[in-house]
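Student: Here you go, sequence then predicted model.
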Amino acid sequence: MSDQAILFIHALTGLHSGGGTPSGVIDLPIRRERHTNWPTIPGSSLKGVFRSAFNRVTGAAPDASPDVLALFGPATNTDEDHAGALTLSDARILAFPVRSLLGVFAWVTCPAVLERLSRDLGIIQGESFPEFPTPDRDNAYCIPDSPLISGDKMILEEFEFSVRNSDSGLSKWIASRVSSDESTQKRLTSHLAILHDDDFTHFVSNATEIVARIGLDYELKTARKSALFYEEYLPPETLLYSLVICHDSFRPGDKATGRELREKLESVLDPYIQIGGGETVGKGICAISFDSSS
């Protein structure tokens, strides 16, 4: 048997999940899906982060805890190996923060993203998903009293969108699951905008953070030769999600069920975790939330 949940990831600082092919001036791009060009975080990266965090929190010697072995499998490669019970999908984009003329910034999403989330929820939980509109190009849907709106217009970056009102409960549904922080829930409810698929793809392709990094010669206090490089980050406030599946333990003699192991994982992990590169410069700090409702 297996137990399922949705893992929501809220980037609190810029997040760099690398592995993309260098393009143009960007030496270290973020990883993106091949067919959509949308940002993603590999499930293997998330699993490694969780394993490391689990080891640190339990205080046991690395990979010595029975729960670590049951969830993630042994770190060695011997005839006594067994599979880990935990499966994590690649993290997929849910909503992307975009600068707004009013209201500071908007979280933007699109029908293609929401259709994918609805499908994944059906697989994992069998849960019904709120209805959502399908905007035309240069149109945006949000709740009627959103602070992003001036008249019937919304300005995101340098683009103007005609606003259509929508109050299907989608923004509240997402807000209640993505974060346990009340101020974040309130802002997400009022600042979520649904755009056309192509408009959304433009923003996630062109509105990421590009940061110049440089290495220093500590004796001369000057830049080292050829040490300048450009790194791409998902901006703070980016929202992603991953599918979590926990099987019954494959560890010989271990009778732990998938539900028991998933609940153990949730109880041990801190609500804040570091994902991706730049740990020592404060990058990749994320709030995580598990939703196992059915």
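Tutor: On my side now, so go ahead.

Student: What are the buried residues along stretch 108-123?
Tutor: Neighbour-count burial for stretch 108-123, with 16 or more other C-beta atoms under 10 Å as criterion, is recorded at 108, 109, 110, 111, 112, 113, 114, 116, 117, 118, 120, 121. To be clear about C-beta, it is placed using only N, CA and C from the backbone, and glycine gets the same treatment.

Student: In strands, which of those fall?
Tutor: Among the buried residues of stretch 108-123, the ones falling in strands (DSSP state E) are 108, 109.

Student: Would you check that residue 286 makes contact with residue 270?
Tutor: No. Contact criterion C-beta atoms under 8 Å: residue 286 and residue 270 do not qualify, at 10.6 Å.

Student: So for the two, which sits in the more crowded spot?
Tutor: Looking at residue 286 and residue 270 with other C-beta atoms under 10 Å, you find the greater number of neighbours at residue 286, namely 23 against 11.

Student: Residue 147: what's it in contact with?
Tutor: 102, 103, 190, 191 (C-beta atoms under 8 Å, 6 or more residues apart in numbering).

Student: who touches the second one in this structure?
Tutor: By C-beta under 8 Å, 6+ apart, residue 103 lies in contact with 146, 147, 148, 190, 191.

Student: Below-threshold pLDDT in this structure: ranges please.
Tutor: Along the chain, the parts satisfying pLDDT under 70 run over 1, 20-21, 59-62, 77-80, 125-127, 220-221, 223, 226, 293-294.

Student: And the contacts of residue 103, which is closest to residue 67?
Tutor: residue 191 (38.5 Å; C-beta to C-beta).

Student: give me the number of residues near the closest one?
Tutor: The local packing count at residue 191 equals 24, with neighbours defined by other C-beta under 10 Å.

Student: you'd agree it is up against residue 107?
Tutor: Yes. Between residue 191 and residue 107 a contact is recorded at 5.6 Å, counting by C-beta under 8 Å.

Student: Turn the contacts of residue 103 into JSON lines, columns for distance to residue 215.
Tutor: Formatted as JSON lines, the entries for the contacts of residue 103 read as follows, by distance: C-beta to C-beta, whole Å:
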{"residue": "146", "distance to residue 215": "44"}
{"residue": "147", "distance to residue 215": "42"}
{"residue": "148", "distance to residue 215": "40"}
{"residue": "190", "distance to residue 215": "43"}
{"residue": "191", "distance to residue 215": "38"}
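
Student: Just put those in TSV and tack on secondary structure.
Tutor: Written out in TSV, the entries for the contacts of residue 103 read as follows (DSSP: H, G, I helix; E, B strand; the rest coil):
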residue	secondary structure
146	coil
147	coil
148	coil
190	helix
191	helix
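
Student: mind listing what residue 252 touches?
Tutor: Residues near residue 252 by C-beta under 8 Å, 6+ apart: residue 82.

Student: can you tell me the helix or strand for it?
Tutor: Following DSSP states H and E, one finds residue 252 outside all helices and strands.

Student: Could you look up the SS state of residue 241?
Tutor: Residue 241 carries the three-state label strand when classified by three-state DSSP.

Student: Okay then, goodbye and thanks.
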